[in-house]
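**Student:** This is the structure alone, sequence omitted:
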């Protein structure tokens with residue numbers, strides 16, 4: 001299935017890319033919910049976190065390490081939040097696994 005994020009990976013749709021390596025891509029969200037709002041996506045499509053399998057373990061860990069790298073690169077390495085929405089009921093609108101990295105404002109608990 002081709003998703004919006006697959007098209008960004010293929011450079012068919014432009015994005016403000018802030019980080020890329022062989023396994024993932026990070027780009028600024030077009031509808032930011034914080035001063036820093038970046039999406040991290042695996043280059044291999046996994047529709048949602050609940051669809052990940054045991055052989056995705058290394059990729060999932062890589063995404064978390066990349067999130068830390070991106071946060072440091074953007075100067076928010078000491079205070080950021082990662083969010084993963086799993087399924088439509090949780091607010092997922094693009095069915096290609098992605099992490100939201102949010103920073104640059106106070107984060108409250110519990111989240112919405």
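**Tutor:** Received the coordinates, thanks. Predicted, not measured: the structure shown is a model, and the values here were computed from it. Numbering: from 1, shown residues only.
**Student:** Any regions of this protein where pLDDT drops low?
**Tutor:** Flagging of the chain using pLDDT under 70 yields the residue ranges 1, 112.
**Student:** And the strands in it?
**Tutor:** Taking DSSP state E as the criterion, the chain carries its strands at 17-20, 24-28, 36-42, 80-83, 99-103.
**Student:** Let's have those in JSON lines, adding distance to residue 6.
**Tutor:** Backbone N, C-alpha and C define where each C-beta goes, glycine included. Converted to JSON lines, those look like this (distance: least, C-beta to C-beta, whole Å):
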{"stretch": "strand 17-20", "distance to residue 6": "15"}
{"stretch": "strand 24-28", "distance to residue 6": "11"}
{"stretch": "strand 36-42", "distance to residue 6": "9"}
{"stretch": "strand 80-83", "distance to residue 6": "21"}
{"stretch": "strand 99-103", "distance to residue 6": "16"}
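**Student:** Make a markdown table out of the ones you listed and add mean neighbour count.
**Tutor:** Formatted as a markdown table, the strands of the chain follow (neighbours: other C-beta atoms under 10 Å):
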| stretch | mean neighbour count |
| --- | --- |
| strand 17-20 | 15 |
| strand 24-28 | 21 |
| strand 36-42 | 22 |
| strand 80-83 | 16 |
| strand 99-103 | 22 |
